[in-house]
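Undergrad: sharing a model that was predicted from the sequence below.
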Amino acid sequence: MPLRLINVNFQSIKNKKPQLLNLINSMKPDIIVGTETWLTPEHHSSEFFPINQFEIFRRDRPNNAHGGVLIATSREFIFDEVPELNSECEGLWVKTSIAGQPNLYIGAFYRPDQNPKHLEALNESLNNIRAIPNKSIVLAGDFNLPHMDWETPCHISGKPLKNEHESCLDILFEHGLENVVRSETHEAGNTLDLIITNRPGAVNRIRDASRIWSKCANWHTLTLKVRQ
């Protein structure tokens, strides 16, 4: 069955509830992966999401007003958090089981800066999931890799941060993952917000849903369908 997943860089969800509800009503997503929520444990998910429709899984920054990731899943499906897949990176994993289909693992990831520890920790999470048989993986988020040519894919020659970009490509290759987003997701013309999967053939469609949001720097959404 098809699932609709939206990847959003919120750059603070705290003052954007009307836009979020508009997104939900317009796109009718089954799964929302969000980065840069800027939430802390003092914030209740019910302040922003219709919790009768969605179960909200969050990983906040308790001592910092920025960052934070979440995964909101439709209550039509049963998802469970998978804390054993968490690592020191700013990430979060959930999974669901659908009869007759591979277990589906959904991940959220935010790479806030160029410190190599973020990709190293992501690789640790992926190593933990590697041994699980018969699985579908969808990892979405803001990877902050502005100098990548995703058509090739390769680091753009002459641009900085070559080691960081090639490290990410090595990790994806090692785990049999592919980024399916080719369009620009940032006003500077870069593709920063990615949707990565081990089953790219199951992706029906990718499209930009930024028209639904008010004009806000670094705030872009991408929509796809994953056929189980």
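TA: On my side now, so go ahead.
Undergrad: for the residue nearest to residue 17 when sequence neighbours are not counted, what are phi and psi?
TA: Of all residues not flanking residue 17 in the chain, residue 48 sits nearest, at 5.2 Å (CB to CB, 6 or more residues apart in numbering). Any C-beta I mention is one placed from the backbone N, CA and C, and that applies to glycine too. Note on residue 48: its backbone torsions stand at phi -120, psi -30 [degrees, to the nearest 10].
Undergrad: low-confidence ranges in this structure?
TA: Low-confidence segments of the chain, defined by pLDDT under 70: 1, 208-228.
Undergrad: how about the contacts made by the most centrally placed residue in it?
TA: The centre of the chain sits closest to residue 140, judged by CA atoms, centre = their mean, with a distance of 2.2 Å. The neighbours of residue 140, taking CB atoms under 8 Å, 6 or more residues apart in numbering as the test, are 5, 7, 33, 106-109, 193-196.
Undergrad: possible to save those residues as CSV with distance to residue 97?
TA: Formatted as CSV, the contacts of residue 140 follow (distance: CB to CB, whole Å):
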residue, distance to residue 97
5, 17
7, 23
33, 19
106, 13
107, 16
108, 19
109, 22
193, 28
194, 25
195, 21
196, 21
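Undergrad: buried subset of those?
TA: In the contacts of residue 140, burial by neighbour count holds for 5, 7, 33, 106-109, 193-196, counting by 16 or more other CB atoms under 10 Å.
Undergrad: leaving out chain neighbours, which residue sits closest to residue 85?
TA: Nearest residue to residue 85, sequence neighbours excluded (CB to CB, 6+ apart): residue 93, at 4.1 Å.
Undergrad: regarding that neighbour, which helix or strand does it belong to?
TA: strand 90-96 (DSSP states H and E).
Undergrad: need the contact partners of that strand.
TA: 57-59, 61, 67-71, 73, 77-83, 85-86, 103-112, 118, 121-122, 125, 129, 141.
Undergrad: how about the following helix or strand past that strand as PDB, C-alpha atoms only?
TA: Later in the chain than strand 90-96, the nearest helix or strand by DSSP H and E is strand 103-110. Extracted in PDB, the C-alpha atoms of strand 103-110 (Å, rounded to 0.1, in the frame of the first residue of the first chain):
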ATOM      1  CA  ASN A 103       9.500  -4.100   8.300                       C
ATOM      2  CA  LEU A 104       9.700  -0.400   7.500                       C
ATOM      3  CA  TYR A 105      12.200   1.700   9.400                       C
ATOM      4  CA  ILE A 106      11.800   5.500   9.300                       C
ATOM      5  CA  GLY A 107      14.700   7.700  10.400                       C
ATOM      6  CA  ALA A 108      15.100  11.400  11.000                       C
ATOM      7  CA  PHE A 109      18.600  13.000  10.900                       C
ATOM      8  CA  TYR A 110      19.900  16.500  11.300                       C
END
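Undergrad: tell me which strands strand 103-110 pairs with, and in which orientation.
TA: Applying DSSP bridges to the sheet, strand 103-110 is found paired with strand 90-96 (antiparallel), strand 135-142 (parallel).
Undergrad: show me the helices in the protein, by range?
TA: For the chain, applying DSSP state H gives helices covering 17-27, 117-130, 162-174.
Undergrad: which strands or helices does the shortest one pack on?
TA: Spelled out, it's helix 17-27. strand 2-9, strand 221-227 (3 or more CB pairs under 8 Å, 6 or more residues apart in numbering; DSSP states H and E).
Undergrad: okay then, goodbye and thanks.
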